[in-house]
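Chemist: With the sequence up front, the predicted model follows.
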Amino acid sequence: MSAFDAAKRPVRRPVRLETLLLPVLALLLGAPATAAELFRYENEDGIVVLSSSLPPQFATRGYTVIDERGRVVREVKRQLTPEEIRQREAARAAEEAERIAAEAQRARDEELVRLYGSPDDVTRAMERRVASIEGAIRTVESNIQRLRNQKRNLERRAADYERSGREIPEALIDNIRVLDEQVAERQEEIAQREREIEAARDEFARDRDRVRYLLGFPEEASGA
């Protein structure tokens with residue numbers, strides 16, 4: 001390379017660290033400072049306080065955070081007391097129960113309209129249901145009569161043993177006791193069936209009134 005060509009080449013000078021940092025420093029120095037936040041809360045005397053810090057004992061009472069221009073940044077509600085939490089949960093539970101009941105009533109209404117075309121249809125359905133239960137009661141009563149007949153036969157046998165001076169066999173006594181228990185069970189079954197009849201009458205009465213309302217039938221005359 002000639003001396004002339006060497007003279008034409010640009011001279012590379014070392015770059016100083018300060019030169020690289022100057023733009024970064026300029027950006028940092030020119031950036032606005034972080035906006036200050038203030039806390040607005042009530043002290044123990046009920047006086048509104050505006051402070052740069054929030055005492056821990058007042059944090060649970062609720063407070064407002066504002067910027068240096070007085071604009072609300074966020075609001076923190078006070079913490080609920082245990083009693084308030086209990087009342088809130090109770091209210092939510094009551095609302096949920098009402099919602100479930102309303103859904104159940106809606107489904108029941110749809111079923112009633114599908115099943116019955118008039119209040120008289122409900123009455124006829126009730127009569128069929130009661131007749132069915134009464135038939136079951138008569139069957140149980142027949143079983144009771146049969147058990148009682150068996151018991152009388154066993155009691156006659158026991159009397160024969162006594163008249164002859166012989167000891168009544170333990171098995172015979174046990175059989176009589178078992179028959180008494182079976183009769184008691186059948187009687188309880190009859191009582192349960194009778195309660196079913198009363199429950200059925202009440203349920204169908206409610207259904208009849210509801211069908212009358214849903215289908216727009218007039219109210220029954222008083223004393224009907």
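Modeler: Received, thanks.

Chemist: quick one: the strands in the chain?
Modeler: 37-42, 48-51, 63-67, 72-76 (DSSP state E).

Chemist: Report all helices and strands that the shortest one contacts.
Modeler: Going back to what we said before, that points to strand 48-51. strand 37-42 (3 or more C-beta pairs under 8 Å, 6 or more residues apart in numbering; DSSP states H and E). The C-beta positions use only the backbone N, C-alpha and C, and glycine is treated the same way.

Chemist: now the strand it packs on against strand 63-67, angle please.
Modeler: Computed by axes from the mean of the first three to the mean of the last three C-alpha atoms, to 10 degrees, the angle separating strand 37-42 from strand 63-67 equals 150 degrees.

Chemist: Looking at stretch 115-129 now, give me its mean pLDDT.
Modeler: On average, the pLDDT along stretch 115-129 is 97.

Chemist: Export the strands of the chain as TSV, with columns for distance to A107, mean neighbour count and mean pLDDT.
Modeler: Shown next, in TSV, are the strands of the chain (distance: least, C-beta to C-beta, whole Å; neighbours: other C-beta atoms under 10 Å; pLDDT from 0 to 100):
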stretch	distance to A107	mean neighbour count	mean pLDDT
strand 37-42	50	16	90
strand 48-51	53	12	89
strand 63-67	47	16	91
strand 72-76	43	11	90
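
Chemist: got those strands as JSON lines, with distance to D202 columns?
Modeler: Formatted as JSON lines, these follow (distance: least, C-beta to C-beta, whole Å):
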{"stretch": "strand 37-42", "distance to D202": "57"}
{"stretch": "strand 48-51", "distance to D202": "61"}
{"stretch": "strand 63-67", "distance to D202": "57"}
{"stretch": "strand 72-76", "distance to D202": "54"}
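
Chemist: For stretch 179-189, what does the pLDDT average out to?
Modeler: 97.

Chemist: now do stretch 151-168
Modeler: 95.

Chemist: Same question for that stretch: list its buried residues.
Modeler: For stretch 151-168, burial by neighbour count (16 or more other C-beta atoms under 10 Å) applies to 151, 154, 158.
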